[in-house]
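A.B. asks: coords please:
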Amino acid sequence: MKNKFQLISIIVVSLVLSGCVGLMDSNGWSFSQKNEFIQILKTDKYLSICENKVLAQEIISSKNTQQLTKMLVSYTNNLANSCIDLKMFDSVQRQRKGNKVETYYGRYLQEVNTADIQRKLRAGLSIEAILAPYVPKNEQFMKLVNAYHSFASFNTLTENKLHTLRVNIERVKLMNDNLGQDYILVNIPEYVVRVKNEKRTSLKFKVVVGRQHLQTPVFAEKLKYITLNPQWSVPDSIARNEVIPGLLKNSNYLKRHRMVARKTYDLNSPVMNPSREELKLYKGGKGVVPFKFIEVPSNSNALGRVKFIFPNKHSVYMHDTQMKKLFNRPVRCFSHGCVRLEKPRDLLSYVTTHYTESTLEEVNTKYKSMKTHYLKIIKDVMVHTAYMTAYIAEDNKLRFFDDIYLFDKYQRLTF
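C.D. replies: Residues are numbered from 1 along each chain as shown. Okay, the predicted model is just below:
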């Protein structure tokens with residue numbers, strides 16, 4: 001009987017120590033939850049201690065659960081929304097725009113609610129389960145985190161490169177986590193686009209991106225349709241700063257560039273013949289121009305023969321180009337912000353096969369017609385324009401790229 005009671009006591013003690021019986025302190029922490037979170041803090045598993053290094057060390061020593069809760073909320077917020085000083089970055093971005101730099105960096109922030117975390121603690125969820133919704137789904141995140149831990153431990157990267165690696169880990173936290181099973185990723189500083197199927201790269205080739213003062217914006221939207229044999233609807237900003245000055249210098253400018261002037265961007269809308277006086281009114285500056293310039297579909301069209309539309313407020317898309325020689329250059333910042341494709345026909349074939357109801361034969365016929373046609377995308381495909389100056393490529397090697405838009409410089413960490 002004595003041995004039986006001893007055995008029962010051992011089992012009860014074991015259950016309590018393992019946290020299995022659901023016993024918790026006044027702050028809602030079980031023994032197993034404390035141990036689990038302290039282990040995460042010891043290694044900084046998700047690199048989200050950031051500005052709380054002193055607090056983390058105190059907690060590891062004291063195991064004070066009131067402080068543990070504070071730390072868990074902070075750790076979750078840093079994991080969800082990065083350790084980049086976003087207020088300072090916003091201030092810099094406003095200054096750059098004031099200096100006539102077209103720049104945009106989208107952030108996809110998540111709400112972290114203290115009461116919700118406390119409720120999950122009291123419900124007995126593991127710390128990993130509490131953190132799981134905020135861990136970026138992008139495969140680059142854990143790859144870069146593991147690389148950082150490895151390089152930091154063995155001191156095999158320069159301090160500058162280690163810092164660059166860390167900044168890029170924080171950038172992944174800011175990306176739209178709605179990657180989709182299939183998605184298109186444009187890595188701006190790498191000048192490369194990839195079509196991803198979960199962790200597999202189905203297609204990869206070079207791109208041209210926006211100039212340093214006309215930057216390709218960082219954001220994510222769904223691919224909606226493809227235009228075959230597109231017209232180029234010249235944006236008012238380009239009309240004011242390029243087309244109108246050119247037309248004022250040479251009355252044959254439109255003819256030479258296969259352009260027409262219309263009341264709207266519809267080729268069937270009324271023809272417009274603005275006088276020199278009217279043209280001068282809309283030369284330079286900003287604002288709407290009351291006549292629209294259109295480059296008609298042709299083999300020489302600035303957009304080439306195909307463009308991929310993911311509607312967005314920036315009027316940015318991916319498209320073919322006549323300037324094929326630019327893909328031979330190591331630095332490819334030449335566009336007004338759109339993404340020019342080295343292999344548009346390859347992307348057209350892939351997207352047609354996987355995301356439209358059309359056959360390759362049907363699309364090829366429409367392509368050859370030289371008339372504008374539209375292909376609807378019938379499955380969700382996200383397009384992400386990202387800014388990754390550190391990236392782990394298909395061969396699992398870490399590569400670094402030049403900071404062409406100076407985001408490495410201006411995205412400062414909070415620690």
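A.B. asks: which sections of the chain are below the confidence cut-off?
C.D. replies: 1-22 (pLDDT under 70).
A.B. asks: Domain map for it?
C.D. replies: Listed domain ranges for the chain are 2-83+114-134, 139-230+301-410, 232-295 (source: automatic domain parsing).
A.B. asks: Quick one, which of those domains gets closest to E102.
C.D. replies: With CB to CB, the closest approach to E102 among the domains of the chain belongs to domain 139-230+301-410: 5.0 Å. For glycine as for every other residue, the C-beta is placed from the backbone atoms N, C-alpha and C.
A.B. asks: hang on, the earlier thing: deepest in the core, which of the domains of the chain is it.
C.D. replies: Ranked by mean neighbour count, the domains of the chain are led by domain 139-230+301-410 with a mean of 18 (mean count of other CB atoms under 10 Å).
A.B. asks: Next, the distance between the ends of that one.
C.D. replies: 25 Å (CA to CA, to the nearest Å).
A.B. asks: repeat for stretch 237-255
C.D. replies: 20 Å.
A.B. asks: hmm, who's touching that stretch?
C.D. replies: Here stretch 237-255 makes contact (CB atoms under 8 Å, 6 or more residues apart in numbering) with 234, 256-257, 259-261, 276, 279-280, 282-286, 289, 292-293, 336.
A.B. asks: try it again with 10 Å
C.D. replies: 102, 214, 232-236, 256-257, 259-261, 274, 276, 278-289, 291-295, 315, 336-337 (CB atoms under 10 Å, 6 or more residues apart in numbering).
A.B. asks: Mind checking which of these are in strands?
C.D. replies: Judged by DSSP state E, strands contain the following of these: 232-233, 259-261, 292-295.
A.B. asks: Tabulate the residues you listed in TSV, adding columns for distance to V381.
C.D. replies: Output for the ones in strands among the contacts of stretch 237-255, formatted as TSV (distance: CB to CB, whole Å):
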residue	distance to V381
W232	24
S233	23
M259	32
V260	33
A261	35
K292	30
F293	31
I294	28
E295	27
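A.B. asks: which one among those residues gets closest to S62?
C.D. replies: For the ones in strands among the contacts of stretch 237-255, the nearest to S62 is S233 (63.8 Å; CB to CB).
A.B. asks: my guess is that closest one meets E295, correct?
C.D. replies: Yes - using CB atoms under 10 Å, S233 is in contact with E295, at 8.3 Å.
A.B. asks: Now do the shared contacts for the two.
C.D. replies: Between them, S233 and E295 share the contacting residues L303, judged by CB under 10 Å, 6+ apart.
A.B. asks: Quickly find the element holding V209.
C.D. replies: Per DSSP states H and E, V209 falls inside strand 200-210.
A.B. asks: Wait, I40 touches T76, no?
C.D. replies: No - using CB under 10 Å as the test, I40 is too far from T76 to be in contact (11.1 Å).
A.B. asks: Give me the common contacts of those two.
C.D. replies: The contact sets of I40 and T76 overlap at 46, 48, 127, 131 (CB under 10 Å, 6+ apart).
A.B. asks: and the two most separated of those residues?
C.D. replies: S48 and I127 (12.2 Å).
A.B. asks: residues shared between the contacts of these two?
C.D. replies: With CB under 10 Å, 6+ apart, S48 and I127 have common neighbours 40-41, 75-76.
A.B. asks: Which ones among these map onto strands?
C.D. replies: Going by DSSP E, the strands hold none of the shared contacts of S48 and I127.
A.B. asks: which one of those is nearest R345?
C.D. replies: So of the shared contacts of S48 and I127, ranked by how close each gets to R345 (CB to CB), first place is T76, at 45.3 Å.
A.B. asks: Could you find the closest non-adjacent residue to that closest one?
C.D. replies: Nearest non-adjacent residue to T76, counting by CB to CB, 6 or more residues apart in numbering: V112, 5.0 Å away.
A.B. asks: Show me how far the helix or strand encompassing Q95 is from its chain's centre.
C.D. replies: Mapping Q95 onto the secondary structure by DSSP H and E places it in helix 86-98. Relative to its parent chain, helix 86-98 has a centroid offset of 19 Å by CA atoms, centre = their mean, to the nearest Å.
A.B. asks: Would you mark the buried spots in it?
C.D. replies: 86, 89, 92-93, 96 (16 or more other CB atoms under 10 Å).
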